[in-house]
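> I would like the atomic coordinates for the input below:
(2 chains)
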Amino acid sequence: MMISTMQEQNQEPAVQLNGLVKRYGLTRALDGVDLTIESGKVVGLLGQNGSGKTTMLKIIAGLRSPSAGTVKVFGMTPGVKTKQRVVFLPEVNAYYEWMTVDYLIDFVNSFYPDLSRERAEVLKKFMGLKGESKIGALSKGQQARLKLVVGLSRSADLMLLDEPLAGIDPPSRARILQALVGEFRQEHQTLIISTHEVKEAEPIFDQVVFLREGKVALQGNAEALRASTGRSMEELFEEVLE
Amino acid sequence: MTFTKLFLKEMRSLRMNFVIFLAIIFVLDVFLITRVSTWGFWNVVLVSLTPLLLLIFLGMLQAFLLVRDEWKAGTAPFLRSLPISGWGIVGAKMLAAFAIWIVMSLVVLALSGIIYASAPLFDMEWLPLADLPWARISTSIVIFGLGIMAAVLFGGIVLQSAFLLGRIVNRFSGLLSVAAGIALMFLTSRVGDWLVEVLSFFPVIRFEALIITSQGLTLMPQELSTAAILVLILELGLLFWVAGWLMEKKAES
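Numbering: from 1, shown residues only, chains lettered A, B, ... in the order given. Purely as a prediction, here's the structure:
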């Protein structure tokens, strides 16, 4: 019964943006974005600095309000209800420095019953983090890993990851990415990953969205785009966004 | 459950402020005791109570700092991505700031009480407090206490709302917050005065209070309009709603 309910819920697009505009003064960070992201996909949100990736993720997460247009997350306007089903991992360290890793997991758990303590333990080990470590004492890379521990410990329907590899040493990135979509991701989960590390992240994307100056420059199925253009995502990234 | 967790988080955030304050008060009182011979015992007792005045502003400031620090430390996106309403977030912060203010005030009172209790050690006699007409002045004490509590809550929520108003823009947010703070104080006081006048048909509470006059402490009749209480509650509720709404819907992080 519960499974069928979840399936019914997931038939709704994970994210639907219609004519989305976000203005900061005279600047248009997002300029009429129309986008539908189906549930269960891994979507790469690609674009240069200032192209609107973070703004888009924050609007979907309900942290910023659009200047115009509509945003639907599982058919609902972003709010407390959608936040229950969404994980948002910002680029910068967003956690309280006085908390320890275990305290943070416990804190997050009290808001999200979908967090699995067992999974958190496995992930902590995988990421090489100690439960008693204070967040303020963690290196930038460790803080980036901690975000992934917190995010992946949950079985949220939608994960928004803003530059999840920033700060992580290059040799570990591929391993973490594989873990992100292989070992620890559940089938129903939709991942939207904004990244500059196109080469490393390319293999995990089902769908890609290229943003340029707040507009969708190109979007589509990653495999189909590669086949039709005969180029890798990295080459497309350079071509489309130049 | 989630509100409690958030409240405890806020209390933990204020822990260091509380410890620093305790240390300052303790050092101040120890210093004051060493001054009894030069300043006089009753002056020392009086000065030991002055932090209570400072605490009123500190209580308001703590409520403001709890919100501001989320933006300063970059934790606002995490906090606001939690599935709890803006009112829950603002409420937990307000309650934590208020609770710490109460505890700090009690600490100041307790330490001053200890100094007062030590009067015989300095060859002084205790004041004849038992002779005070407690039954007649109890209403004024309650009204005074509640008034100060309301002032702390009111100031705190005005500062929080002003800060959050500044967060709805990405540029000149500090400037907007300052302007919003001044505007909110002006508006609430003007609208409050006007509303109290409109509601002047509401009954008046009459009580007696001890007032310091040239003849010493004198019992004087006082009046308090229930309309003023109603308007205060109304404004507090409205400001709380605005702060929660801004936190949930409009502030950018």
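> what parts of chain A come near chain B?
Contact residues (Cβ under 8 Å from any Cβ of the partner chain) of chain A with chain B: A:24-25, A:58, A:61-65, A:79-81, A:83-84, A:86, A:88, A:90, A:92-98, A:107, A:110-112. Heads up, the C-betas are built off the backbone N, CA and C, glycines and all.
> show the buried residues in these.
Buried residues within the residues of chain A next to chain B, counting neighbours by 16 or more other Cβ atoms under 10 Å in any protein chain shown: A:58, A:61-65, A:83-84, A:86, A:88, A:90, A:93-96, A:107, A:110-112.
> residues touching the closest residue to B:Leu195 other than its chain neighbours, list them.
Spatial nearest neighbour of B:Leu195, excluding adjacent residues (Cβ to Cβ, 6 or more residues apart in numbering or on different chains): B:Val231 at 4.6 Å. By Cβ atoms under 8 Å, 6 or more residues apart in numbering or on different chains, the contact set of B:Val231 is B:192, B:195-196, B:199.
> how deep is B:Phe186 tucked in, by neighbour count?
10 (other Cβ atoms under 10 Å in any protein chain shown).
> and if you look at A:Met76?
Neighbours of A:Met76 (other Cβ under 10 Å): 13.
> mind listing what it touches?
Going by Cβ under 8 Å, 6+ apart, the list of residues near A:Met76 reads A:Thr82.
> and it, what are its phi and psi?
Main-chain torsions, A:Met76, degrees, to the nearest 10: phi -120, psi 150.
> what residue ranges in chain A score low on pLDDT?
Along chain A, the model assigns pLDDT under 70 to residues A:1-10.
> do a quick rundown of the strands in it.
A:15-24, A:27-37, A:42-47, A:68-73, A:86-89, A:158-162, A:190-195, A:207-212, A:215-221 (DSSP state E).
> ok and the third one relative to strand A:15-24, angle-wise?
So that's strand A:42-47. 20 degrees (axes from the mean of the first three to the mean of the last three Cα atoms, to 10 degrees).
> which phi and psi does B:Phe202 have?
Dihedral pair for B:Phe202: phi -70, psi 150, per degrees, to the nearest 10.
> got it, and B:Thr213?
phi -120, psi -180.
> contacting residues around it?
B:Met220.
> dig out what it forms beta bridges with.
Beta bridges link B:Thr213 to B:Gly216, judged by DSSP bridges.
> cool, A:Leu17 as well?
A:Leu35, A:Val71.
> surely it meets A:Thr77?
No: contact between A:Leu17 and A:Thr77 fails when scored by Cβ atoms under 8 Å: they sit 11.9 Å apart.
> separation between A:Gly75 and A:Thr36?
Distance, A:Gly75 to A:Thr36, using Cβ to Cβ, to the nearest Å: 12 Å.
> and the helices in chain A?
A:2-11, A:53-61, A:80-83, A:101-111, A:117-127, A:140-152, A:170-181, A:198-201, A:222-229, A:233-241 (DSSP state H).
> please apply the same query to the stretch 51-200 of chain B.
B:51-72, B:76-81, B:86-117, B:134-166, B:173-198 (DSSP state H, counting those that start in this stretch).
> so between A:Leu17 and A:Thr77, which is more surrounded?
A count of neighbours by other Cβ under 10 Å puts A:Leu17 above the other of A:Leu17 and A:Thr77, at 23 against 12.
> for chain B, see how far away that one is.
18 Å (Cβ to the nearest Cβ, to the nearest Å).
> quick check: neighbours shared by A:Gly75 and A:Thr36?
In contact with both A:Gly75 and A:Thr36: A:13, A:16, using Cβ under 8 Å, 6+ apart.
> quick one: distance of stretch B:105-119 to the chain centre.
Counting by Cα atoms, centre = their mean, to the nearest Å, stretch B:105-119 is centred 20 Å from the centre of its parent chain.
> check contacts around A:Val33.
A:17, A:19-21, A:52, A:56, A:69, A:211, A:214-216.
> list the residues that contact the residue lying closest to A:Lys140 once chain neighbours are set aside.
Spatial nearest neighbour of A:Lys140, chain neighbours left out: A:Gly167 (4.0 Å); criterion: Cβ to Cβ, 6+ apart. Contact analysis of A:Gly167 by Cβ under 8 Å, 6+ apart lists A:140-141, A:143-144.
> just the buried members of the residues you listed?
A:141, A:143-144.
> does the residue lying closest to B:Leu95 once chain neighbours are set aside belong to a helix, a strand or coil?
Excluding the flanking residues, the one nearest B:Leu95 by Cβ to Cβ, 6+ apart is B:Phe7, at 5.8 Å. Here B:Phe7 is helix, with the state taken from DSSP: H, G, I helix; E, B strand; the rest coil.
> what does B:Thr38 give?
Strictly by three-state DSSP, B:Thr38 counts as helix.
> dihedrals phi and psi, the residue nearest to A:Lys140?
When read as degrees, to the nearest 10, the backbone of A:Gly167 gives phi 90, psi -10.
> any idea how far it is from B:Ile20?
Taking Cβ to Cβ as the measure, A:Gly167 falls 33 Å from B:Ile20.
> re earlier: for the contacts of A:Val33, pick the one with the most neighbours.
A:Met56 (31 neighbours).
> tell me how many other residues surround the residue nearest to that one when sequence neighbours are not counted.
Distance criterion Cβ to Cβ, 6+ apart; nearest residue to A:Met56, sequence neighbours excluded, is A:Leu30 at 6.1 Å. Using other Cβ under 10 Å, A:Leu30 is surrounded by 28 other residues.
> next up, the contacts around A:Leu30.
So A:Leu30 contacts A:20-22, A:52, A:55-56, A:59, A:66, A:214 (Cβ under 8 Å, 6+ apart).
> switch the cut-off to 7 Å
Contacts for A:Leu30 (Cβ atoms under 7 Å, 6 or more residues apart in numbering or on different chains) come out as A:20-22, A:52, A:55-56, A:214.
> mind putting those residues in TSV, distance to B:Gly147 included?
Formatted as TSV, these follow (distance: Cβ to Cβ, whole Å):
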residue	distance to B:Gly147
A:Leu20	49
A:Val21	48
A:Lys22	45
A:Gly52	50
A:Thr55	45
A:Met56	49
A:Gly214	52
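> from the residues you listed, pick the one nearest B:Lys250.
A:Lys22 (13.5 Å; Cβ to Cβ).
> these two touch, right, the closest one and A:Ile59?
Yes: using Cβ atoms under 7 Å, A:Lys22 makes contact with A:Ile59 at a distance of 6.5 Å.
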